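Show me how the following folds:
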Amino acid sequence: MKTLDDKVVVITGAGSGIGRALALDLARRGSHLALSDVDDAGLAETVAQVRRFGGTRVKSDHLDVADRAAVQRYALEVVEHYGRVNVVVNNAGVALAGDLTDLEYDDIDWIIGVNFWGVVHGTKEFLPHLIASGDGHVVNLSSLFGLVSMPGQSMYNASKYAVRGMTEALREEMLIAGHPVGVTAVHPGGIKTAIARNARVSAKESQEATAKLFDEKLAKMTPERAAEIIVNGILKNRARVLVGLDAHAVHTFAKVLGSRYQDVVAMASKRVLPDKATVV
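Sure, this is the predicted structure:
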């Protein structure tokens, strides 16, 4: 895929953050957009901004990516609307902080439903149409935490590692079959989005302290710059795209130390992570 002009691009989680930035970037490149989110107000604002940038072909829909039947219907509706699909960006994602012993199953089901099953649904339902397009691409958002693990992020790690594994296997399958579909796994580091502010936490975590740590200490890159890097990765058909100096640095650190990085991270986290709340 040498250009995104006149391509039909599906973006989930387009109501804010990286999803919105991707929509704006692609609108400027002449793409036709199918945008979705569970945040109707945020999605409406994204659509308004896209149109202000000159993007006139925009389809927007409320969509819970964890709802398999809804995604199945949505894929058919997008194809009926545009006649084809060239790129799917499975961007929708959520966060959950807390030690595994403190997490509730409902919250675990929620994060796996959105972060993993949402990507599976979006990939599987659109894949036949991407193949039929003759010029397709799948972009799945994993995370830096899909490459290295962090305490208090066990289920986020699990979901993002799963996305990475599925995406890398899918790329191999497309190459073996000779299908005209590129596949890219994206691993952002700290991006200035609302994911931490909208996260769920265990009863022993302070949501406010967790969000403050992310917003003030970890989130360094703008969504706009992240979107630019991701789009460049699509055009260069990269298998893996690391977004941010932190993503490159931590990934390299873990590769150099091997499994011993876990011990270093555990020691360092004691000084960085917020204190546990007292549960009465």
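
Residue 158: which element?
helix 154-177 (DSSP states H and E).

which parts of that helix are buried?
154-164, 166-168, 170-171, 174 (16 or more other C-beta atoms under 10 Å). Yep, even glycine has a C-beta here, placed from its N, CA and C like the rest.

now do stretch 2-12
Of the residues in stretch 2-12, those buried (16+ other C-beta under 10 Å) are 4, 7, 8, 9, 10, 11, 12.

same question, stretch 263-277
In stretch 263-277, counting by 16+ other C-beta under 10 Å, buried: 265, 273.

What ranges does the stretch 101-250 of the chain have for its helices?
Counting by DSSP state H, counting those that start in this stretch, the stretch 101-250 of the chain has helices at residues 105-112, 118-133, 154-177, 207-213, 223-235, 245-257.

Tell me which of the ones you listed lies nearest to residue 79.
helix 118-133 (5.3 Å; C-beta to C-beta).

what sits up against the closest one?
Under the criterion C-beta atoms under 8 Å, 6 or more residues apart in numbering, residues 8, 10, 12, 65-66, 68, 71-72, 74-75, 78-79, 84-88, 90, 92-93, 136-138, 140-141, 163, 166-167, 170, 179-181 lie in contact with helix 118-133.

So how do I select the buried members of those residues in ChimeraX?
To isolate the buried ones among the contacts of helix 118-133 in ChimeraX, judged by 16+ other C-beta under 10 Å, type:
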select :8,10,12,65,66,68,71,74,75,78,79,84,85,86,87,88,90,92,93,136,137,138,140,141,163,166,167,170,179,181
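
Isn't residue 44 up against residue 60?
Yes - with contacts counted by C-beta atoms under 8 Å, residue 44 reaches residue 60, the gap being 7.4 Å.

Of those two, which one has the most company?
residue 60 (19 against 13; other C-beta atoms under 10 Å).

right, and the helix or strand after the helix or strand encompassing the more buried one?
In this structure, residue 60 sits in strand 58-62 according to DSSP H and E. Toward the C-terminal end, the helix or strand that comes next after strand 58-62 (DSSP H and E) is helix 68-82.

Could you list every helix and strand in contact with the following helix or strand past that following helix?
Toward the C-terminus, helix 68-82 is succeeded by strand 87-90 as the next helix or strand (DSSP H and E). Applying 3 or more C-beta pairs under 8 Å, 6 or more residues apart in numbering; DSSP states H and E, one finds that strand 87-90 contacts strand 8-11, helix 118-133, strand 136-141.

Tell me how many other residues surround residue 49.
15.

Then residue 124?
15.

what about it, distance to residue 12?
13 Å (C-beta to C-beta, to the nearest Å).

what is the mean pLDDT for stretch 272-280?
Average pLDDT, stretch 272-280: 61.

likewise stretch 138-151?
96.

Output that stretch in PDB with nothing but the alpha carbons.
This file holds the C-alpha atoms of stretch 138-151, laid out as PDB (Å, rounded to 0.1, in the frame of the first residue of the first chain):
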ATOM      1  CA  VAL A 138      -4.700  -4.800   9.300                       C
ATOM      2  CA  VAL A 139      -3.400  -2.600  12.100                       C
ATOM      3  CA  ASN A 140      -3.700  -3.900  15.600                       C
ATOM      4  CA  LEU A 141      -2.900  -1.800  18.700                       C
ATOM      5  CA  SER A 142      -0.900  -3.700  21.200                       C
ATOM      6  CA  SER A 143       1.300  -1.700  23.600                       C
ATOM      7  CA  LEU A 144       4.800  -1.400  25.000                       C
ATOM      8  CA  PHE A 145       3.100  -3.600  27.700                       C
ATOM      9  CA  GLY A 146       2.700  -6.200  25.000                       C
ATOM     10  CA  LEU A 147       6.500  -6.500  24.800                       C
ATOM     11  CA  VAL A 148       7.400  -6.200  28.500                       C
ATOM     12  CA  SER A 149       5.400  -6.900  31.700                       C
ATOM     13  CA  MET A 150       4.700  -4.500  34.600                       C
ATOM     14  CA  PRO A 151       3.400  -5.100  38.100                       C
END
